[in-house]
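Asker: Need a 3D model of the following:
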Amino acid sequence: MGFQQGLSGLNAASVQLDTIGNNVANASTVGFKSSRTEFGDLYGQTLYGITATTPGIGVQVQGITQNMTNGNIETTGRSLDLAINNSGFFIVQTPNGTQAYTRNGEFQVNNQGYIVGTSGNYLQGWTANAAGGISYGPVGKLQLTNTSISPVPTSKLSLAVQLNSNSTTPTGTGIPPYNNPAVSTSYNWSNNQTVYDSLGNSHQMVFYYTLTSQAATGNTWTVNAYVDGNQVTSTGTYPLTLGYNTNGLLSTVNGAAPGAVPLSFTIAPPNGSSASTSQTVNVNFANSTQIAQQSATLSATQDGIAPGTLQSINISSNGTIQASFSNSQTKTIGQVALANFVNPQGLQAMGGNLWSETNNSGTPTTNVPGTGNTGTLSAGQVEDSNVNLTNELVNMITTQRYYQANAQTVKTQDTLIQTLLNI
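Answerer: Below you'll find the predicted structure:
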């Protein structure tokens, strides 16, 4: 027995303790992957090779390998926190331009609107175009540039109504004219719809309905519209007429097949302007009915949009980043990309929860989350370290005994040499 075996054992045990200590230190590090120390025995060789009586000359550290199994998922409630279910890595670009990979999904927005990690690394993915479409080319930085939505004036209004077939034509002093807002008995029913001008200001468009003709072939209703209390105009027949057949279905609008009717109105001068502006809304009463039920609005949709500011961000399981605005509008602004490797254990740890590609890991493949060999995303959650503290503490005790035993080997060798020197 020589000193070399004992010293190699001490060195190996020291490295193993370092590995265990690093695991324990990172037990609370998001996305951390534990490691283990792997050993190999040592044999001395002569010109004749290794003989059957060669006892071996100790141990060496073969390598430190990473355990790439998933950690537990912890809920944080932050919309930009992300956890990967199963395999895959977030692709990030460090501030110096180096591409790296991580399982740490603690992201936030910097002062330029870019989605970054806690160390300032830029999350990579695909940016949507103005229409919300995504082209899956090379990945790049994801930036929240659309922090507001510009107003869009209303140009189309689809308004399906149910008119009570049991209504009677209004009569009385001052009637007709019908549909006079100032005379509540001059109409049978009214409803209103919000429309928007080019500056995003809202206006109330109110419709007044009166049953003006009853016949064996169906009933006819007259409709007048007002915006902000002012009656609209039209390039066609006005007031409008809605004709219903005996089945209670809308059959004509202004005596023709149902279709959109242009209604124009004048908007008061906006601040800083001396001129009024005119706006036209094409109103379509398709799918309107007339049966023996109370009059009601069946559906109403218009294409105008009020101005809106960014309120929240939602990231779906496939990485799509959806922005929600104060005007109830949503818009796709990008999609997170994930990478995976043939041999994830071959990645080189860089520190800061980052790994870099190596020849041993293979070339990364980039995919939409949930496709190929990548997992889906969970927003509002992060992946905990996969360190098992109980196992690490047991391993620490075992390694301590291993270190002490090798120290005893050295001590015993020293005692034998002292015996020889005392002869």
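Asker: Show me the helices in the chain, by range?
Answerer: Taking DSSP state H as the test, the helices found in the chain are 3-25, 389-421.
Asker: contact partners of the shortest one?
Answerer: Okay, so that is helix 3-25. Outside of helix 3-25, the residues within contact range by CB atoms under 8 Å, 6 or more residues apart in numbering are 34-37, 39, 42, 56-61, 64, 387, 389, 392-393, 395-396, 399-400, 402-403, 405-407, 409-410, 413. In short, each C-beta sits where N, CA and C put it, glycine included.
Asker: Show the buried residues in those.
Answerer: Buried members of those, counted by 16 or more other CB atoms under 10 Å: 34-35, 37, 39, 58-59, 61, 387, 392, 395, 399, 402-403, 406, 409-410, 413.
Asker: looking at the helices of the chain, which is buried most?
Answerer: Most buried of the helices of the chain, by mean neighbour count (mean count of other CB atoms under 10 Å): helix 3-25, with a mean of 18.
Asker: which residues does residue 186 contact?
Answerer: By CB under 8 Å, 6+ apart, the contact list for residue 186 reads 170, 174, 175, 176, 177, 178, 179, 180, 208, 210.
Asker: roughly how far apart are the closest residue in space to the second one that isn't next to it in sequence and residue 22?
Answerer: Beyond its immediate neighbours in the sequence, the residue positioned closest to residue 174 (CB to CB, 6 or more residues apart in numbering) is residue 183, lying 5.9 Å away. As for residue 183, its distance to residue 22 is 85 Å (criterion: CB to CB, to the nearest Å).
Asker: Let me see the confidence value for the closest residue to residue 314 other than its chain neighbours.
Answerer: Distances taken as CB to CB, 6+ apart put residue 322 closest to residue 314, at 4.7 Å, once the chain neighbours are dropped. At residue 322, the model reports a pLDDT of 94.
Asker: Residue 322 touches residue 315, doesn't it?
Answerer: Yes. Residue 322 is within contact range of residue 315, at 7.4 Å (criterion: CB atoms under 8 Å).
Asker: Can you show me the strands along the stretch 201-350 of the chain?
Answerer: Taking DSSP state E, counting those that start in this stretch to define them, one finds strands in the stretch 201-350 of the chain at 202-215, 218-227, 230-231, 240-244, 250-253, 261-267, 277-284, 289-291, 296-302, 308-315, 320-325, 330-336, 338-340, 348-351.
Asker: Contacts for the fifth one next, please.
Answerer: Surrounding strand 250-253, the residues in contact under the criterion CB under 8 Å, 6+ apart are 218, 240-245, 258-259, 261, 285-290.
Asker: Count the residues that sit near the residue nearest to residue 174.
Answerer: 15 (other CB atoms under 10 Å).
Asker: for it, phi and psi?
Answerer: Main-chain torsions, residue 183, degrees, to the nearest 10: phi -120, psi 100.
Asker: Quickly list what residue 162 is bridged to.
Answerer: With DSSP bridges as the criterion, residue 162 is bridged to residue 289, residue 296.
Asker: what's the burial count for it?
Answerer: A count of neighbours around residue 162, defined by other CB under 10 Å, yields 18.
Asker: Please apply the same query to residue 221.
Answerer: The number of residues packed near residue 221 is 27, by other CB under 10 Å.
Asker: pLDDT value on the residue nearest to residue 174, please?
Answerer: We have a pLDDT of 93 for residue 183.
Asker: And for residue 413?
Answerer: 76.
Asker: likewise residue 271?
Answerer: Per the predicted model, pLDDT is 53 at residue 271.
Asker: same thing with residue 40?
Answerer: Residue 40 is assigned 88 on the pLDDT scale.
Asker: surely it meets residue 59?
Answerer: Yes. Using CB under 8 Å, residue 40 is in contact with residue 59, at 7.1 Å.
Asker: Could you identify the least confident member of the contacts of residue 186?
Answerer: residue 174 (84).
Asker: now the contacts of residue 186 as JSON lines including neighbour count and distance to residue 154?
Answerer: Output for the contacts of residue 186, formatted as JSON lines (neighbours: other CB atoms under 10 Å; distance: CB to CB, whole Å):
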{"residue": "170", "neighbour count": "19", "distance to residue 154": "30"}
{"residue": "174", "neighbour count": "10", "distance to residue 154": "33"}
{"residue": "175", "neighbour count": "16", "distance to residue 154": "31"}
{"residue": "176", "neighbour count": "13", "distance to residue 154": "30"}
{"residue": "177", "neighbour count": "12", "distance to residue 154": "27"}
{"residue": "178", "neighbour count": "21", "distance to residue 154": "26"}
{"residue": "179", "neighbour count": "27", "distance to residue 154": "22"}
{"residue": "180", "neighbour count": "18", "distance to residue 154": "25"}
{"residue": "208", "neighbour count": "22", "distance to residue 154": "19"}
{"residue": "210", "neighbour count": "25", "distance to residue 154": "25"}
